[in-house]
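Enquirer: Sequence unavailable; structure follows:
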């Protein structure tokens, strides 16, 4: 993550906002008193909130872990040819 001073941020405000929005790169800004804040797009913030929610849900995380284990061992669900044709609309 890039870090800039508050003065740099003010001087090139629109350029930095464009980078945050278009390239999904958060920006750390240091204020004159030394306190930092982060500029992040609303879309990225919402995605982070969803990720935090999922990672804090222990039941869901256990289900994901079990699914990964069965996948690694090739023990997961294998749809039939008929089910695949139905999914693909054949």
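Expert: Done, it's in. Computed from a prediction, not measured in an experiment: that's the story for all the values here. Numbers count the residues shown, from 1 in each chain.

Enquirer: The residue located most distally from the centre of the chain: what's it in contact with?
Expert: Outermost residue of the chain with respect to the C-alpha centroid, by C-alpha atoms, centre = their mean, is residue 82; its distance is 35.4 Å. Under the criterion of C-beta atoms under 8 Å, 6 or more residues apart in numbering, the contact list for residue 82 is empty. (Each C-beta comes from the backbone N, C-alpha and C, glycine too.)

Enquirer: Would you tell me what the next helix or strand after the host helix or strand of residue 65 is?
Expert: Residue 65 belongs to helix 58-72 when assigned by DSSP states H and E. Per DSSP H and E, the first helix or strand lying C-terminal to helix 58-72 is helix 81-88.

Enquirer: avg pLDDT for that next one?
Expert: In this model, helix 81-88 has an average pLDDT of 92.

Enquirer: Now do the buried residues in that helix.
Expert: Under the neighbour-count criterion of 16 or more other C-beta atoms under 10 Å, helix 81-88 has nothing buried.
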